[in-house]
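1. Quick one: sequence plus predicted model below, questions after.
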Amino acid sequence: MSKAVRIHATGGPAVMRWEDHDPGAPEPGEVRLHQEAVGLNYIDIYHRTGLYPLPALPAVLGLEGAGVVESVGADVSEFKPGDRVAYAGIPPGAYAQDRCIPAHRLVRLPDSIETRQAAGMMLRGMTARYLLHGCYPVKAGDRILIHAAAGGVGSIVCQWASHLGAEVIGTVGSAEKAALAKKNGCHHPILYGDVDFAEQVNAVTGGRGVNVVYDSVGKATFMKSLDCLKPMGTMVSFGQASGAVSSLDIGVLAAKGSLFLTRPSLMTYTAKRADLLAHARDLFNVVENGAVTISIGQTYRLEDAARAHQDLEERKTTGSTVLIT
């Protein structure tokens with residue numbers, strides 16, 4: 001019997017259960033997929049805790065995985081059994097050895113991309129793609145600030161932005177993570193626990209500020225992130241690892257320099273299949289040409305997903321985390 005990690009109630013890591021799971025045959029428009037690896041993302045924690053409510057409980061967590069097509073339902077012509085595929089985004093259900101998923105959410109993997117690598121890059125990599133090309137079109141000469149620069153998304157953003165010719169400033173939590181961020185193309189790693197990061201950004205930029213801030217930390221960094229922007233700069237708030245951002249008087253955006261603010265999601269940027277394929281294509285291109293290296297910082301067995309969640313919440317991880325089925 002196939003197994004999955006399922007939650008019956010929201011809460012801490014202890015609510016995750018390793019249970020029998022039969023996804024059944026694929027419905028019309030679906031593919032049954034045997035998963036070889038699953039990506040761990042912070043949004044999984046939001047779903048587990050109920051911060052981002054799931055459609056119903058019990059539920060299988062997870063929004064990212066890669067594996068091999070076992071069978072296809074009626075009306076599926078783009079894929080066949082044996083195809084290597086990957087996905088990122090809704091519907092949830094990735095924490096499973098086998099699952100059914102709408103075919104239009106899958107992308108075919110190039111031969112050069114390994115399955116574990118794919119599971120560690122699809123959500124983070126396509127997030128990096130919309131951050132750098134959608135929310136704000138980063139170009140040579142721009143200055144950017146990326147929080148959690150040694151994390152899964154941050155490590156990809158640093159490499160990709162540096163490849164585009166941007167000057168990259170990043171916050172990290174330790175000297176080890178600073179060294180990792182620098183290796184990944186972050187020109188100015190800042191240990192946020194040792195200094196005021198806004199003051200440091202001001203010093204690095206000569207008081208001019210950055211073109212764009214990418215902030216997945218949320219409550220702890222949001223207001224000071226606004227102080228890092230140049231006039232008419234762009235604030236991209238795409239997560240809240242430290243907690244939700246408090247209510248904002250939008251007049252603050254005017255007072256701090258006619259700033260732009262966006263709260264994007266990968267689901268919106270890849271809702272249309274053409275956009276999904278474009279995000280995946282651009283990601284595969286930068287990985288295949290060596291501009292971006294996907295670092296799998298740690299792996300866990302899928303059945304040990306609760307421990308993986310705890311390590312992620314305690315900031316013990318670097319790069320991408322992959323759960324092996």
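-> Looks like it came in fine. These figures come from a predicted structure and were not determined experimentally.
2. C-alpha from now on. contacts and neighbour counts both.
-> Noted.
3. Ala181: which element?
-> Element membership of Ala181, judged by DSSP states H and E, is helix 175-183.
4. Tell me which other helices or strands whichever helix or strand comes after that helix touches.
-> On the C-terminal side of helix 175-183, the closest following helix or strand by DSSP H and E is strand 188-191. For strand 188-191, the packing partners by 3 or more CA pairs under 8 Å, 6 or more residues apart in numbering; DSSP states H and E come out as strand 167-172, helix 175-183, helix 197-204.
5. one more time with 10 Å
-> Under the contact criterion of 3 or more CA pairs under 10 Å, 6 or more residues apart in numbering; DSSP states H and E, strand 188-191 touches strand 143-146, strand 167-172, helix 175-183, helix 197-204.
6. Show me the contact partners of that strand.
-> Applying CA atoms under 10 Å, 6 or more residues apart in numbering, the contact partners of strand 188-191 are 145-147, 149-150, 167-175, 177-182, 196-198, 200-201, 204.
7. on that earlier part again, turn the helices and strands packed on strand 188-191 into JSON lines, including mean neighbour count and mean pLDDT.
-> What follows is the helices and strands packed on strand 188-191, written out as JSON lines (neighbours: other CA atoms under 10 Å; pLDDT from 0 to 100):
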{"stretch": "strand 143-146", "mean neighbour count": "26", "mean pLDDT": "98"}
{"stretch": "strand 167-172", "mean neighbour count": "25", "mean pLDDT": "97"}
{"stretch": "helix 175-183", "mean neighbour count": "18", "mean pLDDT": "94"}
{"stretch": "helix 197-204", "mean neighbour count": "18", "mean pLDDT": "96"}
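8. Reformat the ones you listed as JSON lines; add distance to Gln97.
-> Listed next are these as JSON lines, based on distance: least, CA to CA, whole Å:
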{"stretch": "strand 143-146", "distance to Gln97": "34"}
{"stretch": "strand 167-172", "distance to Gln97": "34"}
{"stretch": "helix 175-183", "distance to Gln97": "32"}
{"stretch": "helix 197-204", "distance to Gln97": "42"}
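9. Contacts for the helix holding Ala181 next, please.
-> Against helix 175-183 from outside (CA under 10 Å, 6+ apart): 148-151, 154-156, 158-159, 168-172, 174, 184, 186-191, 317-319.
10. This completes my enquiry, with thanks.
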